[in-house]
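> here's my sequence, what's the structure:
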Amino acid sequence: MITVDRFFKPEGSGILRFINTMSPLLVTGYQGLPILEVAKYMVKAKFCNGPCLECLTCQAVDNESSIHLKVIRPEGRAIKVDQVREVLDFLSLKREHITVVIFDQAHLMNPQAANALLKTLEEPPENCWILLTSPSLKNMLSTIRSRCLVYKSQSFGDPVPTGESAEVLKLIEDWLARFAAQKDELEFLHEMKSKEGMLEFIFYVRKLLKNQALKFKPKLWIQLMDDIQNCELALNSNVDIKLVEDQMLKSLRINYVFH
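Numbering: from 1, shown residues only. You can find the predicted model right below:
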């Protein structure tokens, strides 16, 4: 049996290992939470230890007033070559502080703009971090995609496991409401005690989190999605179900109850 330690090391999984790199990064796959907010959370984590989400540095990232951050959006229907050239000029200035550029909706970059960016993606200037956002990898030019690391959430498009999806979803939503309302530990629903039941629980919690994403602070939402994915990986690798249950309860207690 594989030990649970392999799956629950914060420094080795989830969003942290992407934040700790300076390689160009493509952020994709989040549905229900604006992808740009995920990218901005990563920038805040780069600039602010934590991040705290409340200091002037974090606020400057949120409202895009930081002198160390530049966000590029499509002009009309596309990100154009002149916009990319402006970014290259911005990055050519040597700075001691980390400089970050976010290309929001990078799948709308036209071929001329993409070609202008390729060399910089291959060899980013020192102390510069380039992030691109896109709701889907399939819409990205392969020349851009191949030069980036990819941070992608688990798909929400899995088939519903039973014909009673609405009833099960309501059952788990009610359980989460009770869990959030009390300080004492609440055991999992009896129906979720088996491996199959736990996987079904994870499926429906993921659907609920998708629906509730905008109610969360990005940090908590991302952490919950990472933890849920780790629990699912652990179950599918035959980690003891009680260990996975304990980890799931711990994550929900920290990130769901107090959001």
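
> can you point out the helix or strand that includes E64?
Under DSSP states H and E, no helix or strand contains E64.

> list the residues that contact it.
V71 (C-beta atoms under 8 Å, 6 or more residues apart in numbering). Where C-beta positions appear, they are placed from N, C-alpha and C, glycine not excepted.

> change the start of the numbering to 38 and stick with it
In the new count, where the first residue is 38, that last one comes out as E101.

> pLDDT score for it?
As predicted, E101 sits at a pLDDT of 93.

> for L178, see how far away it is.
E101 sits 25 Å away from L178, taking C-beta to C-beta, to the nearest Å as the criterion.

> and for V205?
41 Å.

> cool, N275 as well?
Note on N275: its distance to L178, by C-beta to C-beta, is 40 Å.

> so the spatially most central residue of the chain is in which element?
Nearest to the mean C-alpha position of the chain, by C-alpha atoms, centre = their mean, lies I259 at 5.0 Å. Using DSSP H and E, I259 sits within helix 255-273.

> can you point out the buried residues in that helix?
Within helix 255-273, the residues that count as buried by 16 or more other C-beta atoms under 10 Å are 255-272.

> on that earlier part again, A76 is in contact with the residue nearest to the centre of the chain, correct?
No. Using C-beta atoms under 8 Å as the test, I259 is too far from A76 to be in contact (11.2 Å).

> and for the closest residue to Q142 other than its chain neighbours, the neighbour number?
Among residues not flanking Q142 along the chain, P111 sits closest, at 5.6 Å (C-beta to C-beta, 6 or more residues apart in numbering). A count of neighbours around P111, defined by other C-beta atoms under 10 Å, yields 18.

> likewise for the one 4 residues further on?
Per other C-beta under 10 Å, the neighbour tally for A115 reads 15.

> for it, give me phi and psi.
The phi/psi pair for A115 (degrees, to the nearest 10) reads phi -150, psi 160.

> any idea how far it is from N147?
The gap separating A115 from N147 is 5 Å, by C-beta to C-beta.

> what do you get for N267?
The spacing between N267 and N147, counted by C-beta to C-beta, is 38 Å.

> please apply the same query to M229.
49 Å.

> higher neighbour count, the two?
With neighbours defined as other C-beta under 10 Å, M229 and N147 compare such that M229 has more, 23 against 17.

> what sits closest to that one if chain neighbours are left out?
According to C-beta to C-beta, 6+ apart, the nearest residue to M229 is F238 (4.2 Å).

> I figured that neighbour hits K232, correct?
No. Using C-beta under 8 Å, F238 is not in contact with K232; the gap is 10.6 Å.

> hey, where'd the helices end up in the stretch 88-237 of the chain?
With DSSP state H, counting those that start in this stretch, the ranges of helices along the stretch 88-237 of the chain come out as 93-99, 118-129, 148-159, 179-182, 202-218, 232-249.

> partner strands of the longest strand belonging to the chain, with direction?
The longest strand of the chain (DSSP state E) is strand 165-171. Taking DSSP bridges as the criterion, strand 165-171 sits next to strand 62-65 (parallel), strand 136-140 (parallel) in its sheet.

> distance between that strand and the chain's centre?
Put simply, strand 165-171 sits 13 Å off its chain's centre (C-alpha atoms, centre = their mean, to the nearest Å).

> compare F238 and K232 (neighbour count), which wins?
Taking other C-beta under 10 Å, F238 and K232 do not tie; F238 has more neighbours (23 against 14).

> do you know how far that one is from I209?
Applying C-beta to C-beta, the value for F238 to I209 is 6 Å.

> what's the neighbour count on the closest residue to M79 other than its chain neighbours?
Closest residue in space to M79, ignoring its immediate chain neighbours: I56 at 5.3 Å, by C-beta to C-beta, 6+ apart. I56 has 17 neighbouring residues, counting by other C-beta under 10 Å.

> spit out the contact partners of I56.
Shown in contact with I56 (C-beta under 8 Å, 6+ apart): M79, A82, K83.

> so what pLDDT did it get?
For I56, the predicted pLDDT is 84.

> quick check: it vs L213, distance?
On the measure of C-beta to C-beta, I56 and L213 end up 28 Å apart.
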